[in-house]
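> quick one: sequence and predicted model below, then my questions.
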Amino acid sequence: MVSAWAGANNLVLGQRRTDAKSNEITAIPELLWVLELSGRTVTIDAMGCQKSIARQIVEQKADYILAVKENQPALLADVKDWFQMLAVDSLSEQTDCGHGRMETRRCAVLADLSLIDNPQN
């Protein structure tokens, strides 16, 4: 099951069930198509870090933040390199405690896409 969540409103906007022998990668696009995304920012965990999903979000006139983890090692290595070589345009950090641990989240933005191979694909 995948859900679209409006964090500021604490509201589920929609859900899609994954097919029996499938995963979230097939359900995410179906859910996105039924949502009005224009002018919004879509965030998706590493499972949804797919070119086709990013392309669809752009086609629906929205922006996206996709998590990159070890499930795509070449992409993760590239992203780490870009953040070492390029100037960060914006940085935000949030620390909170919960579930018996302290968590720090950092979000950095690179506007310079010059090192990305074929950024339109």
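It's in.
> quick one: contacts of the longest helix anywhere in the chain?
Looking only at the chain and at elements set by DSSP state H, the helix with the highest residue count is helix 73-85. By Cβ atoms under 8 Å, 6 or more residues apart in numbering, the list of residues contacting helix 73-85 from outside reads C49, V68, K69, E70, A108, L110, L115, I116. All C-beta spots, glycine's among them, are computed from the backbone N, C-alpha and C.
> state the distance from the second one to G39.
When Cβ to Cβ, to the nearest Å is the yardstick, V68 and G39 sit 24 Å from each other.
> more crowded one of these two?
Neighbours were counted for V68 and for G39 using other Cβ atoms under 10 Å; V68 has more, 15 against 8.
> continuing past the longest helix of the chain, what's the next helix or strand?
Downstream of helix 73-85, the next assigned helix or strand under DSSP states H and E is strand 90-98.
> look at the residue in the chain sticking out farthest from the centre and report its pLDDT.
In the chain, G100 marks the outermost C-alpha relative to the chain mean, sitting 26.2 Å out by Cα atoms, centre = their mean. For G100, the model assigns a pLDDT of 89.
> so what's the most centrally placed residue in the chain bridging to?
Centroid-nearest residue in the chain, with Cα atoms, centre = their mean: L66, separated by 1.8 Å. Beta-bridge partners of L66, counted by DSSP bridges, are I44.
> residue contacts, it?
T43, I44, A46, G48, C49, I53, A54.
> care to break this protein down by domain?
If the domains of the chain are taken from automatic domain parsing, they occupy 1-67, 70-121, with pieces of a single domain joined by a plus sign.
> tell me which of the ones you listed is the most buried.
Using mean count of other Cβ atoms under 10 Å, the stretch among the domains of the chain with the greatest mean number of neighbours is domain 1-67 (a mean of 14).
> and it, how far from the chain's centre?
On the basis of Cα atoms, centre = their mean, to the nearest Å, domain 1-67 is displaced by 9 Å from the centre of the chain it belongs to.
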